[in-house]
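Asker: Dropping a prediction and its sequence here:
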Amino acid sequence: EFRRVLFRSWTFPIPVPSAGDGTITATVRGQDPTGNAVTDTHEALTVDNSVPSVSQIGLVGGITVLTLPAGPAFTVTFSEPVENVTTSSFSVAKGAGTTGTAPVISSVTGGPVVWTVTLGSLGNLPGGLSGDYANGTRPTATLGLAVIPTGITDRAGNPLSTAAPGKSDTYFIDRVSPTF
């Protein structure tokens, strides 16, 4: 024998914390008309309130002094997976002892946590990017990378922090021939 049972639905607001990360779990308990207990548990929502940040900017290839025109590369490590990272997410930072036009950002690959940012050619001399590191006696002949946080978000849509990275390496530029 089948009985017709009327189903009802209810809506209950679940407060979502405005700080911290985690999972909100909803458990529903009820009883049918014959007295049978019903329990159902659902993980309904993952909460991510943490803003991503740049952990470090490192050098690629094991070299620290640039002497040739080939474009160098940097690794940019974020604190968590990020999206919307493009060539316009970065800018080249020249040290005070570096002359000439800075190279453009030619490509951004990898992700979602570690990205490789490759610069274009330093250009041929004379006229290309130049500096005279002189074995460390002129430490401002550098080439670095800055992150432009606009548009970069984590998967939850939290914008990238504007705080400086914990570590930001730079290349030294030494494209001036020594004189005797």
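Answerer: Arrived safely, thanks for sending.
Asker: got a list of what the most centrally placed residue in the chain touches?
Answerer: Centroid check for the chain by Cα atoms, centre = their mean gives residue 78 as the closest residue, at 3.9 Å. Going by Cβ atoms under 8 Å, 6 or more residues apart in numbering, residue 78 touches 52-55, 112-115, 160. In short, each C-beta sits where N, CA and C put it, glycine included.
Asker: Can you add distance to residue 29 and give those back as a markdown table?
Answerer: Putting those into a markdown table (distance: Cβ to Cβ, whole Å) gives the following:
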| residue | distance to residue 29 |
| --- | --- |
| 52 | 38 |
| 53 | 41 |
| 54 | 46 |
| 55 | 44 |
| 112 | 39 |
| 113 | 40 |
| 114 | 45 |
| 115 | 47 |
| 160 | 42 |
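Asker: who does the one helix or strand residue 118 maps to touch, helix- and strand-wise?
Answerer: Here residue 118, judged by DSSP states H and E, is contained in strand 114-119. Other helices and strands packing on strand 114-119, by 3 or more Cβ pairs under 8 Å, 6 or more residues apart in numbering; DSSP states H and E, are strand 73-78, strand 105-110.
Asker: among those strands, which is the most enclosed?
Answerer: Ranked by mean neighbour count, these are led by strand 73-78 with a mean of 20 (mean count of other Cβ atoms under 10 Å).
Asker: Note down every partner strand of that strand and its orientation.
Answerer: strand 54-59 (antiparallel), strand 114-119 (antiparallel) (DSSP bridges).
Asker: of all these, which lies closest to residue 168?
Answerer: Set against residue 168 and scored by Cβ to Cβ, these come closest in strand 54-59, at 4.4 Å.
Asker: what comes into contact with the helix or strand following the closest one?
Answerer: Of the helices and strands lying after strand 54-59 in sequence (DSSP H and E), the nearest is strand 65-66. Contacts with strand 65-66, where a contact means Cβ under 8 Å, 6+ apart, come from 72, 122, 133, 143, 171-175.
Asker: Could you find the lowest-pLDDT member of the residues you listed?
Answerer: Ranked by pLDDT, the contacts of strand 65-66 bottom out at residue 133 (74).
Asker: Report how many residues lie close to that residue.
Answerer: For residue 133, the count of nearby residues is 24 (other Cβ atoms under 10 Å).
Asker: quick one: low-confidence ranges for the chain?
Answerer: Within the chain, the ranges that satisfy pLDDT under 70 run 1-10, 12, 43-44, 125-127, 134-137, 179-180.
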